[in-house]
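In: Sequence first, predicted coordinates after that:
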Amino acid sequence: MEKGKYRFTVELAGVPIEVVCAHRENYEFFREYWSDKTPVERCEYSDLHFDTVKRVREAVRIEEGLTSATLSDECVENLTLDWRLGEALVARDVLQFYGSALSMDGVAYVFTAPSGTGKSTHARFWRETFGDRVAMINDDRPLVKIREDGAVVYGSPWTGKHKLGRNISAPLKAIVWLTRGEENRIERITPTQAFPVVFREAHNSSVVEQLRRIMELERLLLRSTPCFKLTCNLNPDAAIVARTGIRDF
């Protein structure tokens, strides 16, 4: 694999980062986030990272029973850059989340849950119910910059299978943990109750010092951000229940 063919700067969550990659597909992948600012971090794959990501992801595909476990070099490089950027952003107080994030009336909401629970569906209910008041920030991997005075949600290039997301940001109003149920109801949960959810759905690391920093950021996030558990069905009324419940707190 040809190394270092493309060298450019992206700005993610306000952080300019130099990216080095070998494939034009990944160079173009970041187009909306290209920047002419001076980078403060650097992200480049290595053979070790590349081989590790490829081995792990192909094992997962086999376990999931997918017909083809082999991933292209372009795909593995993209996954490697995703992980490497997630690591670099932690140093700048930014966490990558598995979730769906939208902005409504100028503030952001992050919906998080295990895959297949209905995050994207719930975000669609908000768009359908509240119309132009809602803008999608990111439907798969939003970025959350954590500060003492509150958190800000940013878009990222990883927008999920529906390709919903923009290079925009908004202050974080609430984190909503989705679970399936027969009826729609929402309740406020404590930081202690929310921590396992946030820990599971945020960027993680096998590096001990990095993991400590991630946990510090998560605790800071939960001190400044209200969290809710939304039990919901696949009825669009869930959007009204969620919005009303959050607003009333």
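Out: Thanks, I have the structure now. Fair warning: this is a prediction, and the values are worked out from it, not measured in the lab.
In: From Glu74, how far out is Glu187?
Out: From Glu187 across to Glu74, the span is 44 Å (C-beta to C-beta, to the nearest Å). (Glycine included, C-beta is placed from N, CA and C.)
In: If you count surrounding residues, which of those two has more?
Out: Under the criterion of other C-beta atoms under 10 Å, the comparison of Glu187 against Glu74 puts Glu74 first, with 16 against 11.
In: Gly150: neighbour count?
Out: 13.
In: oh, I was asking about Thr121
Out: Per other C-beta under 10 Å, the neighbour tally for Thr121 reads 15.
In: Which residue lies nearest the spatial centre of the chain?
Out: Nearest to the mean C-alpha position of the chain, by C-alpha atoms, centre = their mean, lies Arg141 at 2.4 Å.
In: which stretch of helix or strand covers that residue?
Out: Assessed by DSSP states H and E, Arg141 sits outside every helix and strand.
In: Now for it: which residues touch it?
Out: Contacts for Arg141 (C-beta atoms under 8 Å, 6 or more residues apart in numbering) come out as Asp82, Gln96, Phe97, Tyr98, Gly99, Ser156, Trp158, Thr159, Gly160.
In: Could you look up the SS state of the residue lying closest to it once chain neighbours are set aside?
Out: Nearest-residue entry for Arg141: Trp158, 3.8 Å, with adjacent residues in sequence omitted and distances by C-beta to C-beta, 6 or more residues apart in numbering. State at Trp158, reduced to three classes by DSSP: H, G, I helix; E, B strand; the rest coil: coil.
In: If you rank every helix and strand of this structure by mean pLDDT, what lands last?
Out: Lowest on mean pLDDT, DSSP states H and E among the helices and strands of the chain sits helix 47-63, with a mean of 62.
In: Please spell out which residues along the helix or strand following that one are buried.
Out: Counting by DSSP H and E, the element after helix 47-63 in chain order, helix or strand, is helix 73-90. Using 16 or more other C-beta atoms under 10 Å as the test for burial, helix 73-90 gives 74-90.
In: do stretch 196-209 as well
Out: Using 16+ other C-beta under 10 Å as the test for burial, stretch 196-209 gives Val197, Val198, Glu201, Ala202, His203.
In: buried set for the longest strand along the chain?
Out: Secondary structure of the chain per DSSP state E: the longest strand is strand 169-180. Of all the residues in strand 169-180, those buried under the rule 16+ other C-beta under 10 Å are Ser169, Ala170, Leu172, Lys173, Ala174, Ile175, Val176, Trp177, Leu178.
In: Just send these back as TSV, with distance to Ala13 too.
Out: Conversion of those to TSV gives the following (distance: C-beta to C-beta, whole Å):
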residue	distance to Ala13
Ser169	8
Ala170	12
Leu172	12
Lys173	17
Ala174	19
Ile175	16
Val176	20
Trp177	22
Leu178	23
